[in-house]
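Student: Sequence first, then the predicted structure:
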Amino acid sequence: MRYINLHFTYLLTYFIIYVKVFPIYIAIAKYVPSEEDGLPLEEGDVLEILDSRNPDRWLCRMLDHPDRQGWVPPSYLVAKSDEKLDTRTTQEVFREDIIKISNKQQEAVMKRRY
């Protein structure tokens, strides 16, 4: 009995857990695959990228349904970031930038830029 406990402790001491972390992407549009091994997507689906070596299609797995995986064109995906995307229109950005300007010369330069 003592031999088994020592052996088990030895195994635990030298056992290394390897965890692979896959990049997370979000579907930006609905995708209906034409091939059998494709993965159908809806806009907003969150995916793990398992294989991105092929530039034409990536092997993906649904994050909320890990049993569903398949190939998807990377043009339907965008990398998920912790930062919030700027969804303002150009007009909204322009309006906010103009409000911040204090003199006429800066305002003229800004208007030429847009």
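Tutor: Sure thing, it's come through. Numbers count the residues shown, from 1 in each chain.

Student: hey, where'd the strands end up in this protein?
Tutor: 24-27, 46-51, 58-62, 69-72, 77-79 (DSSP state E).

Student: Could I get those in a markdown table, plus columns for mean pLDDT, distance to residue 89 and mean neighbour count?
Tutor: All C-beta atoms are positioned from the backbone trio N, CA, C, and that covers glycine. Formatted as a markdown table, the strands of the chain follow (pLDDT from 0 to 100; distance: least, Cβ to Cβ, whole Å; neighbours: other Cβ atoms under 10 Å):
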| stretch | mean pLDDT | distance to residue 89 | mean neighbour count |
| --- | --- | --- | --- |
| strand 24-27 | 93 | 21 | 18 |
| strand 46-51 | 94 | 26 | 16 |
| strand 58-62 | 96 | 31 | 20 |
| strand 69-72 | 96 | 29 | 19 |
| strand 77-79 | 91 | 19 | 15 |
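
Student: so which of the ones you listed comes closest to residue 96?
Tutor: strand 77-79 (24.4 Å; Cβ to Cβ).

Student: Where in the chain is the helix or strand with the lowest mean pLDDT?
Tutor: Lowest on mean pLDDT, DSSP states H and E among the helices and strands of the chain sits helix 2-14, with a mean of 50.

Student: circling back to that earlier point, of all the strands of the chain, which one is nearest residue 99?
Tutor: Of all the strands of the chain, strand 77-79 comes closest under Cβ to Cβ, at 30.1 Å.

Student: just to revisit the earlier point, mind putting the strands of the chain in TSV, distance to residue 109 included?
Tutor: Converted to TSV, those look like this (distance: least, Cβ to Cβ, whole Å):
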stretch	distance to residue 109
strand 24-27	36
strand 46-51	42
strand 58-62	43
strand 69-72	44
strand 77-79	32
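
Student: So which of the ones you listed is nearest residue 94?
Tutor: Of all the strands of the chain, it is strand 77-79 that lies closest to residue 94, at 24.7 Å by Cβ to Cβ.

Student: No further questions, thank you.
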